[in-house]
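Chemist: predicted model follows, preceded by the sequence.
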Amino acid sequence: MGEEYRAYRDRVLNFLEEHERWRSNTINLIASENITSPSVNRAVRSGFMHKYAEGWPKQRYYQGCKYVDEVELIGVELFTRLFRSDFADLRPISGTNANQAAFFGLTQAGDRAIVLHTSHGGHISHMPFGAAGMRGLEVHTWPFDNDEFNIDVEGAEKLIRELEPKVVVFGGSLFPFPHPVKELAPVAKEVGAYVMYDAAHVLGLIAGGQFQDPLREGADVITASTHKTFPGPQGGVIIYKRFGETEEIARLQQAIFPGVLSNHHLHHMAGKVITAAEMLEYGEKYATQVVKNAKALAEALAEEGFKVVGEDKGYTESHQVIVDVSELHPAGGGWAAPLLEEAGIILNKNLLPWDPLEKVNEPSGLRIGVQEMTRVGMLEGDMKEIARFIRRVLIDGEDPKKVERDVFYFRQNFQKVYYSFDYGLPMKE
Ligand code: DSN
């Protein structure tokens, strides 16, 4: 009898091993993922996963938190230093959870919000069917300039004055260029709106000083996940300068706990703390290389014959490269992404701003992120190799299994996690 259930355990353990082996042999370009260092892995599989620690360090509702408290307080110190903020709260367990807390802490049901529409790259949690809607917000969306691949500043300014929202939200999931925070934050302030910046995708670039600096540009609150360009374990964070009245800040803190979570995930919290230390040490070099790699991949893909979005703007200023593959196949990204997976190249299909919403399963775009491959030590020359692999599958029509073999051999040279205390910096070309 025990054998039957043991077999389930064995199967799961086996799938875990298979997954890890497979991933280390593929080129992962999912823009919202990353890989953690051995030190962070150690934190995540620590005994902190067995603890409860509701509340703030040293003021817990549970006993037995003396070590947890020390780690969390180090984390608060490191995050505030890294982002030059006044407060950091490591408790949100995801980016969406951080957004929920911000919406609950900053607004009342019935208030207006202006956000980026998902079809323009906004995140689902900003939408009426996501956390913003669940808070009861009346959600409006920024006007978008397809040519600039960005929020239309003039239209946005008019919209803020017309709607007088309680919160405006910058940031999103398809995010090659910085948003006009410094242009629009003063207008939002004029009408009494909070300025929220969802840095889920670009937190690691901000930490390394290589994207915009939202807190200096006028944002009140940064929400983010901690596992995309910020190369930590899955989780969330809220970072802010002193804004508004003491009671407004207290409301935000209350929204985090007990508003939208009870216990936070302490093992992940510890992993975020180690990642913050890694970013203080290596963040600038890491983020600089991420952006160089993204630009190099965009240029290489264009040279290989792909239609890369944003050519006249230098393609990208973040970790993301966006490619329009609609002319290669009627199903666009819905055709390309699974084919590339067969070749060991993992990325996702994505709606582009000019796509009709019905094309969600067969959108024009591919969204590519280079942060994980940067972390394993790839440099600009390696991006050219990746562009060639992609061309062989999507333009030359080569058998993906044949390409997969070459991807496998290429990937063997990149098996360590750099920009970490475990392995330091990668060797230069
Ligand atoms: N933010 C999404 C992504 O960009 O993949 C995940 O929620």
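Modeler: Arrived safely, thanks for sending.
Chemist: spell out which residues of the stretch 1-150 of the chain are next to the ligand.
Modeler: 32, 123 (CB under 6 Å from any ligand atom). No exception for glycine: its C-beta is placed from N, CA and C like everyone else's.
Chemist: could you check stretch 265-285 and say which residues are buried?
Modeler: 265-279, 282-283 (16 or more other CB atoms under 10 Å).
Chemist: what about the residue of the stretch 51-200 of the chain found nearest the ligand, which SS state?
Modeler: At 3.5 Å from the ligand, Ser173 is the closest residue in the stretch 51-200 of the chain, using CB to the nearest ligand atom. At Ser173, secondary structure determined by DSSP: H, G, I helix; E, B strand; the rest coil is coil.
Chemist: make 497 the starting number, not 1.
Modeler: Taking 497 as the first residue, the last one we looked at is Ser669.
Chemist: which residues sit in contact with the nearest residue to it once chain neighbours are set aside?
Modeler: Leaving aside its sequence neighbours, Ser669 sits nearest to His619 (CB to CB, 6 or more residues apart in numbering; 5.1 Å). Counting by CB atoms under 8 Å, 6 or more residues apart in numbering, His619 touches 591-592, 595, 612, 626, 667-669, 694, 696.
Chemist: for the residue in the stretch 497-646 of the chain that the ligand sits nearest to, what are its contacts?
Modeler: Going by CB to the nearest ligand atom, the ligand is nearest to Ser528 of the stretch 497-646 of the chain, at 3.2 Å. Ser528 makes contact with 669, 696-697, 721, 723-724, 865, according to CB under 8 Å, 6+ apart.
Chemist: buried subset of the residues you listed?
Modeler: Buried, going by 16+ other CB under 10 Å: 669, 696-697, 721, 723-724, 865, out of these.
Chemist: phi, psi of Leu680?
Modeler: phi -100, psi -20 (degrees, to the nearest 10).
Chemist: residues in contact with it?
Modeler: 647, 649, 652-653, 656, 664, 666, 691, 714 are the contacts of Leu680 under CB under 8 Å, 6+ apart.
Chemist: and which of these is nearest Leu921?
Modeler: Phe666 (31.8 Å; CB to CB).
Chemist: how close does the closest one sit to Phe575?
Modeler: 20 Å (CB to CB, to the nearest Å).
Chemist: between those two, which one's more packed in?
Modeler: Under the criterion of other CB atoms under 10 Å, the comparison of Phe666 against Phe575 puts Phe666 first, with 29 against 25.
Chemist: what's the distance between that one and Gln867?
Modeler: 20 Å.
Chemist: just the helices in the stretch 797-925 of the chain please.
Modeler: Assigned by DSSP state H, counting those that start in this stretch, the stretch 797-925 of the chain shows helices spanning 829-838, 867-871, 876-890, 896-907.
Chemist: any weak-confidence spans in the stretch 497-646 of the chain?
Modeler: Low-confidence segments of the stretch 497-646 of the chain (pLDDT under 70): 497.
Chemist: try 90
Modeler: 497-498 (pLDDT under 90).
Chemist: again with the stretch 747-896 of the chain
Modeler: 853.
Chemist: is the residue of it at minimum distance from the ligand bridged to anything, and to what?
Modeler: Closest residue of the stretch 747-896 of the chain to the ligand, CB to the nearest ligand atom: Asn844 (7.0 Å). Going by DSSP bridges, Asn844 is paired in beta bridges with Arg863.
Chemist: give me the most central residue, this structure.
Modeler: Geometric centre of the chain, nearest residue: His697, 2.7 Å, by CA atoms, centre = their mean.
Chemist: ok, that one to the ligand distance?
Modeler: 6 Å (CB to the nearest ligand atom, to the nearest Å).
Chemist: doesn't that residue fall inside a strand?
Modeler: No: with three-state DSSP as the criterion, His697 is assigned coil and is not in a strand.
Chemist: look up how far Leu843 lies from it.
Modeler: 14 Å.
Chemist: quick one on the thing from earlier: got a ChimeraX select line for the buried ones in the contacts of His619?
Modeler: Command for ChimeraX that selects the buried part of the contacts of His619, burial taken from 16+ other CB under 10 Å:
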select :591,592,595,612,626,667,668,669,694,696
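Chemist: all strands of the stretch 697-846 of the chain, in order?
Modeler: Per DSSP state E, counting those that start in this stretch, the stretch 697-846 of the chain carries strands over the ranges 717-721, 732-736, 803-804, 816-820, 841-842, 844-846.
Chemist: in terms of helices and strands, where is Ala609?
Modeler: strand 608-611 (DSSP states H and E).
Chemist: so what are the sheet partners of that strand and their directions?
Modeler: Strand 608-611 has these strand partners (DSSP bridges): strand 634-637 (parallel), strand 663-666 (parallel).
Chemist: next SSE downstream of the first one?
Modeler: Beyond strand 634-637 in the direction of the C-terminus, DSSP H and E gives the next helix or strand as strand 640-641.
Chemist: residues in contact with the helix or strand that comes right after that next one?
Modeler: Where DSSP H and E defines the elements, the next helix or strand beyond strand 640-641 is strand 646-647. For strand 646-647, contacts defined as CB under 8 Å, 6+ apart pick out 612, 638-641, 666, 673, 675-676, 680.
Chemist: so how far is strand 646-647 from its chain's centroid?
Modeler: 18 Å (CA atoms, centre = their mean, to the nearest Å).
Chemist: same question, stretch 709-728
Modeler: Counting by CA atoms, centre = their mean, stretch 709-728 comes out at 9 Å from the chain centroid.
Chemist: and it, average pLDDT?
Modeler: For stretch 709-728, mean pLDDT is 98.
Chemist: kindly export that stretch (C-alpha atoms) in CSV.
Modeler: This file holds the C-alpha atoms of stretch 709-728, laid out as CSV (Å, rounded to 0.1, in the frame of the first residue of the first chain):
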residue,chain,number,x,y,z
ASP,A,709,14.8,56.5,-10.5
PRO,A,710,11.1,56.6,-9.6
LEU,A,711,11.5,58.0,-6.0
ARG,A,712,13.6,60.9,-7.2
GLU,A,713,11.3,61.5,-10.2
GLY,A,714,8.2,61.9,-7.9
ALA,A,715,6.8,58.5,-7.1
ASP,A,716,5.5,58.1,-3.6
VAL,A,717,5.5,54.3,-3.5
ILE,A,718,7.3,51.6,-5.4
THR,A,719,5.7,48.2,-5.5
ALA,A,720,7.6,45.3,-7.0
SER,A,721,8.2,41.6,-7.2
THR,A,722,11.7,40.4,-6.2
HIS,A,723,12.5,37.8,-8.8
LYS,A,724,12.6,39.4,-12.3
THR,A,725,15.6,41.7,-12.9
PHE,A,726,16.0,41.8,-9.1
PRO,A,727,17.4,38.3,-8.9
GLY,A,728,15.9,37.1,-5.7
